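*Asks:* Generate a structure from the sequence data that follows.
(2 chains)
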Amino acid sequence: GDSVTQMEGPVTLSEEAFLTINCTYTATGYPSLFWYVQYPGEGLQLLLKATKADDKGSNKGFEATYRKETTSFHLEKGSVQVSDSAVYFCALTTNAGKSTFGDGTTLTVKP
Amino acid sequence: DTAVSQTPKYLVTQMGNDKSIKCEQNLGHDTMYWYKQDSKKFLKIMFSYNNKELIINETVPNRFSPKSPDKAHLNLHINSLELGDSAVYFCASSPGLAGGFGELFFGEGSRLTVL
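*Replies:* As a prediction, the model looks like this:
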């Protein structure tokens, strides 16, 4: 079946540090790939997405590239802020409409 | 106007009771979902409905019964609550089959605590 594996957390960084959260996936066909963010006490919200190979999704300084050859969708940000502290989920959605989520990575950014 | 709204936000109840969570979306989406998030933040899909028809039914105890009276509403009823049912339950919607599914829009969650 489909699966998403993302870097285990928690991750603690200082403000302005570089962030990478690794994500790899297994799926049949050509899924769409997503990063969702969950701030404390809230539901998940879309951070960025990519729908086909070599697409780059970007938003709020975060970016991720759909790499079919390595089945990866790593999340990066050049300079994190305290307000980026949250749980980040990598996910895929198949053409049949089923979404599979990674286990989430908790990021804490310290001033 | 909240796109995906679910009520109640908090439920505290005793083992063995029955409870319901309601969800409504005003995005005009065709597909709605229920997800369960445990204390470690793991997110698992439970059910999905497309235009009122069940399309995804993961391995969930029979005590959980979803109902979709129309495509804008998806409710979750839980019978004979157990301690292990304590979690945050998220409703979500997406454009559905016609819209290529796409991203999920989540509600704020309903935190269920079973004592």
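*Asks:* for chain A, what are the nearby residues on chain B?
*Replies:* Neighbours of chain A within chain B, by Cβ under 8 Å from any Cβ of the partner chain: B:4, B:31, B:33, B:40-43, B:45, B:48, B:50, B:55-56, B:90, B:92, B:94, B:96-97, B:100-109. Every residue, glycine included, has its C-beta placed from N, CA and C.
*Asks:* just checking, which of the residues you listed belong to strands?
*Replies:* Those of the residues of chain B next to chain A mapping onto strands are B:4, B:31, B:33, B:43, B:45, B:48, B:50, B:55-56, B:90, B:92, B:94, B:105-106, per DSSP state E.
*Asks:* Save these as CSV, and put in distance to B:Lys71, pLDDT and neighbour count too.
*Replies:* Converted to CSV, those look like this (distance: Cβ to Cβ, whole Å; pLDDT from 0 to 100; neighbours: other Cβ atoms under 10 Å in any protein chain shown):
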residue, distance to B:Lys71, pLDDT, neighbour count
B:Val4, 13, 96, 23
B:Thr31, 8, 91, 26
B:Tyr33, 13, 94, 27
B:Leu43, 23, 92, 23
B:Ile45, 18, 90, 19
B:Ser48, 12, 90, 26
B:Asn50, 8, 88, 21
B:Ile55, 12, 84, 16
B:Ile56, 15, 79, 17
B:Phe90, 18, 97, 26
B:Ala92, 14, 95, 25
B:Ser94, 12, 91, 24
B:Phe105, 14, 93, 21
B:Phe106, 17, 95, 23
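*Asks:* Point to the residue nearest the middle of chain B.
*Replies:* Nearest residue to the geometric centre of chain B (Cα atoms, centre = their mean): B:Trp34, 2.8 Å.
*Asks:* Helix or strand with the lowest mean pLDDT in chain A?
*Replies:* When each helix and strand of chain A is scored by mean pLDDT, DSSP states H and E, strand A:99-101 comes last, with a mean of 91.
*Asks:* hmm, that strand in reach of chain B?
*Replies:* Yes. Strand A:99-101 is in contact with chain B by Cβ under 8 Å from any Cβ, via A:99-101.
*Asks:* Looking at these, state which has the most neighbours.
*Replies:* A:Ser99 (25 neighbours; other Cβ atoms under 10 Å in any protein chain shown).
*Asks:* And the residue of chain B closest to chain A?
*Replies:* B:Phe106 (3.6 Å; Cβ to the nearest Cβ).
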